[in-house]
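In: just need the structure, nothing else, for what follows:
(chains A, B, C and D)
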Number of protein chains: 2
Amino acid sequence: MLANLKELSEKLGLSQTTVSRALNGYPEVSETTRQRVIDAAREHNYAPDSSARRLATGKTRTIGHVVPISKHDMINPHFTDFIAGAGAVYNRRGYDMLISVVDADKETETYRAMKRNRRVDGVIVHGPVASDARPGLLHSLGLPFVVHGRTLQDDDSYSWVDVNNRRAFAEATRYLIGLGHRRIALVNGWEHMVFARRRREGYEEALREAGIAVDPLLMSSNEMIEPVGHEAMTAFLASDDPPTAVLVASALSALGVMGAVREHGLGPGTDISIISYDDKLSFLDIGPDGMGLTVIRSGIGEAGRHCADMLIDMIEGRRGIVHMLLEASLVPGTSTGPPAGVAVSGKSAAGR
Amino acid sequence: MLANLKELSEKLGLSQTTVSRALNGYPEVSETTRQRVIDAAREHNYAPDSSARRLATGKTRTIGHVVPISKHDMINPHFTDFIAGAGAVYNRRGYDMLISVVDADKETETYRAMKRNRRVDGVIVHGPVASDARPGLLHSLGLPFVVHGRTLQDDDSYSWVDVNNRRAFAEATRYLIGLGHRRIALVNGWEHMVFARRRREGYEEALREAGIAVDPLLMSSNEMIEPVGHEAMTAFLASDDPPTAVLVASALSALGVMGAVREHGLGPGTDISIISYDDKLSFLDIGPDGMGLTVIRSGIGEAGRHCADMLIDMIEGRRGIVHMLLEASLVPGTSTGPPAGVAVSGKSAAGR
DNA sequence: TTGTAGGCGTTATCAA
DNA sequence: TTGATAACGCCTACAA
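Out: The predicted structure is shown next:
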């Protein structure tokens, strides 16, 4: 158990320089020496002190994630899946993940502090809102970053990884219209989140194409958690002219929606059609294998992996600004079918 | 924007020593000097380089969390709530949180590496199993740690924060017995996890007290996620002699259980009684305000806060080994009542 | 191919 | 109350 380079090099009868070079894979050191050094390092359980290395190199090999916490001490549940993906990349590429859980109003100051202290080499920005100040701030700080999602404007001035939410929801809506539905509800997330806004736009676009009026009474925008989904769906079902189909923006909301549907004694896929966006939340598994739902699927872990790889590439100077737009895929399940009133044989004339 | 102590001290006409002392709150520096230094630091947006400071002090002010990932790239969903709690403490006390997401079989090596690199001052151990090697390993490494939960043996040799799972489940079971139930099912987590084992023990203890035979056909032990809860409950309901009540070990499982119950057209609290353990999963909110379930409640965020505070106290030498056993509380909701066959007026003679 | 020496930015010791 | 100086452990020109 040798504490530092000095001791190790003395034991080997070599200079610190040579030992350091051997360990860091510099080409000029002879193979025999390198092998000898590596063996000795392993034998004595030596590894460089990370703080010392950082100080000497000026690189932290650490990526920061600032995670804002909302009213009820809640962290977005999708976050675990994202960091599972990103974390795998960090491991593979020798980076550390620093997570800072802060009150939403302290986020800006947290980025500033990370820069001042030279705490991280770059950060990942989560959950962009419509007019998001973070890209501008990070640019001015000179802190490399990748955004998971996009802002509404100026999204070409920085790197991002996003899902084509608009198209995904347009296609899902068209699918329902193709089945004959004309009263289609939307259980959406908060619309200050950009992804939610884009989902609504896709939904409305498809309705308009089909000549169906957008009905505000069929749209809800709220937090994407189970009880809220339940509440929204219950309200829709209690209305004068209830929907025959519903589009849900998250798996967690869908859980609540399904509950409300069942409580009303309705059969998914027969009495009412349901399509949910599915981030592949690892602890829910709502897809065709799970609850039988028809879903629009795009893995959030995958997005995490891409963000991590892009950011590290940027930090290491191998890459500039990159945009990655992932396409979600519609996976039919048993929760969709023609509206109850429509005979199965009678082909629907609606849509397209 | 001054980069380092040297520049700042030159600008002030003071030595680096004095400036450092002023900034770090040493008592020997005069108040006027200190104020002058602090003002200048703020003005020039100076803050010490964290790597340099760490190298000089030998303290990282960083806590590590090693998060094993299971088969399906899944991180325990309770984890977000835990780190929300712990993270708040880290912020308040000036610590950073380092999260390492690794394959389950690499956990040991990760701890070793954290120690070798002097990457962290201590770690939090999550999800102890029956014969857990980590406490022994960390002891031998000399890495301070706190366990969230307990192992089965030797739990007095290290600090932990745990919930009194055995008592919680015993009391919940007694509550059901008191209502007149005698066929009570248990939807438990994996029993290699210590908390799950203790929950079963509590459940069995209460049954035995009441002279009710433990029936293996009424017990399931599996992953605590929605689809699995659904599956387990469906199986129970399809059996020859179905339960009249069920005890569920997690909110996520309870979601699945509720779904299965509804699909069978049964009313919670009337046809079948349900009690769920509730970690206060922030994105579910299943308590009395939410789904109306009767729950055994103990906040996981609170546990996170205690773990963080205890570990930091240990690291800073203010505290030795501490054990904290939190009591969960039974919160009656509408999902429990007398068994269907029992007349409401007829007081049950069972239990206690 | 290996070694010498200086620097990275702090904190800590000792002296003034 | 303040300052010079030496660690802390590593990397990296530059020299040999």
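In: tell me which helix or strand the closest residue to A:Val123 other than its chain neighbours sits in.
Out: Once its chain neighbours are removed from consideration, A:Val123 has its nearest residue in A:Gly64; the separation is 4.3 Å (C-beta to C-beta, 6 or more residues apart in numbering or on different chains). Every residue, glycine included, has its C-beta placed from N, CA and C. If you go by DSSP states H and E, A:Gly64 is part of strand A:62-69.
In: what about the helix or strand following that strand and chain B, any contact?
Out: In the C-terminal direction, the helix or strand that comes right after strand A:62-69 (DSSP H and E) is helix A:79-93. Yes. Using C-beta under 8 Å from any C-beta of the partner chain, helix A:79-93 reaches chain B at A:79-81, A:83-85, A:87-88, A:90-91.
In: so which bits of helix A:79-93 are buried?
Out: A:79-91 (16 or more other C-beta atoms under 10 Å in any protein chain shown).
In: now it - C-alpha only, PDB.
Out: As requested, the backbone C-alpha atoms of helix A:79-93 are provided in PDB (Å, rounded to 0.1, in the frame of the first residue of the first chain):
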ATOM      1  CA  PHE A  79     -34.200  11.500 -13.800                       C
ATOM      2  CA  THR A  80     -33.100   8.000 -12.600                       C
ATOM      3  CA  ASP A  81     -33.400   6.600 -16.000                       C
ATOM      4  CA  PHE A  82     -31.500   9.400 -17.500                       C
ATOM      5  CA  ILE A  83     -28.600   9.100 -15.100                       C
ATOM      6  CA  ALA A  84     -28.600   5.300 -15.500                       C
ATOM      7  CA  GLY A  85     -27.800   5.900 -19.200                       C
ATOM      8  CA  ALA A  86     -25.400   8.800 -18.700                       C
ATOM      9  CA  GLY A  87     -23.700   7.100 -15.800                       C
ATOM     10  CA  ALA A  88     -22.800   4.100 -17.900                       C
ATOM     11  CA  VAL A  89     -21.000   6.400 -20.300                       C
ATOM     12  CA  TYR A  90     -19.200   8.200 -17.600                       C
ATOM     13  CA  ASN A  91     -17.900   4.900 -16.200                       C
ATOM     14  CA  ARG A  92     -16.700   3.800 -19.600                       C
ATOM     15  CA  ARG A  93     -15.000   7.000 -20.300                       C
END
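In: next up, phi/psi of the spatially most central residue of chain A, please.
Out: The structure's chain A has its C-alpha centroid closest to A:Ile300; by C-alpha atoms, centre = their mean the separation is 4.5 Å. For A:Ile300, the backbone dihedrals are phi -80, psi -30 (criterion: degrees, to the nearest 10).
In: show me the contacts for it.
Out: The contact partners of A:Ile300, taken as C-beta atoms under 8 Å, 6 or more residues apart in numbering or on different chains, are A:78, A:81-82, A:85, A:279-281.
In: let's go with 6 Å and repeat that
Out: A:78, A:81-82, A:279 (C-beta atoms under 6 Å, 6 or more residues apart in numbering or on different chains).
In: adjacent strands (with direction) for the strand holding A:Gly64?
Out: Pairing partners of strand A:62-69, with direction, according to DSSP bridges: strand A:96-103 (parallel), strand A:122-126 (parallel).
In: sorry, back to before: between the residues of helix A:79-93 next to chain B, which is closest to DNA strand C?
Out: When those are compared for distance to DNA strand C (C-beta to the nearest atom of the strand), A:Tyr90 comes out closest, at 24.2 Å.
In: correct me, but that closest one touches A:Ile99?
Out: No. Taking contact to mean C-beta atoms under 6 Å, the distance of 11.5 Å between A:Tyr90 and A:Ile99 leaves them out of contact.
In: for the lowest-mean-pLDDT helix or strand in chain A, give me every contacting residue.
Out: The weakest-scoring helix or strand in chain A, judged by mean pLDDT, DSSP states H and E, is helix A:251-263 (a mean of 87). Counting by C-beta under 6 Å, 6+ apart, the neighbours of helix A:251-263 from elsewhere in the structure are A:187, A:224-226, A:229-230, A:233-234, A:248, A:268, A:272, A:276, A:278, A:281, A:284, A:286, B:262, B:283.
In: at 7 Å what do you get?
Out: In this structure, residues lying in contact with helix A:251-263 by C-beta atoms under 7 Å, 6 or more residues apart in numbering or on different chains are A:77, A:187, A:224-230, A:233-234, A:237, A:246, A:248, A:268, A:272, A:274, A:276, A:278-279, A:281, A:284, A:286, A:291, A:293, B:255, B:262-263, B:283.
In: next structured bit after it?
Out: Sequence-wise, the next helix or strand beyond helix A:251-263 is strand A:273-278, with elements assigned using DSSP H and E.
In: tell me if that next one is near chain B.
Out: No. Judged by C-beta under 7 Å from any C-beta of the partner chain, strand A:273-278 makes no contact with chain B; its nearest approach is 13.0 Å.
In: between helix A:251-263 and that strand, find me the angle.
Out: For strand A:273-278 against helix A:251-263, the angle by axes from the mean of the first three to the mean of the last three C-alpha atoms, to 10 degrees is 160 degrees.
In: within its sheet, name the partner strands of the following helix or strand past strand A:273-278 and how each one runs.
Out: Heading C-terminal from strand A:273-278, the first helix or strand you meet, by DSSP H and E, is strand A:294-297. As defined by DSSP bridges, the strand partners of strand A:294-297 come to strand A:273-278 (parallel), strand A:329-331 (antiparallel).
In: which of the ones you listed sits most buried?
Out: Per residue and on average, the most neighbours among the strands paired with strand A:294-297 fall to strand A:273-278, with a mean of 27 (mean count of other C-beta atoms under 10 Å in any protein chain shown).
In: follow-up on the earlier one: closest to chain B out of the residues of helix A:79-93 next to chain B?
Out: Taking C-beta to the nearest C-beta as the measure, chain B lies nearest A:Gly87 of the residues of helix A:79-93 next to chain B, at 2.9 Å.
In: DNA strand C versus the spatially closest residue to the closest one that is not a sequence neighbour, what's the distance?
Out: Beyond its immediate neighbours in the sequence, the residue positioned closest to A:Gly87 (C-beta to C-beta, 6+ apart) is B:Val101, lying 2.9 Å away. Shown here: B:Val101 relative to DNA strand C, a distance of 30 Å by C-beta to the nearest atom of the strand, to the nearest Å.
In: let me see the contact set for the most far-flung residue of chain A relative to its centre.
Out: Centroid-distance maximum for chain A: A:Gly13 at 51.0 Å, with C-alpha atoms, centre = their mean. The neighbours of A:Gly13, taking C-beta under 7 Å, 6+ apart as the test, come to nothing; the list is empty.
In: thinking again about what came up before, CSV for the residues of helix A:79-93 next to chain B, including distance to DNA strand C and pLDDT?
Out: Formatted as CSV, the residues of helix A:79-93 next to chain B follow (distance: C-beta to the nearest atom of the strand, whole Å; pLDDT from 0 to 100):
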residue, distance to DNA strand C, pLDDT
A:Phe79, 32, 91
A:Thr80, 35, 91
A:Asp81, 37, 91
A:Ile83, 30, 95
A:Ala84, 34, 95
A:Gly85, 33, 96
A:Gly87, 29, 97
A:Ala88, 31, 96
A:Tyr90, 24, 98
A:Asn91, 26, 96
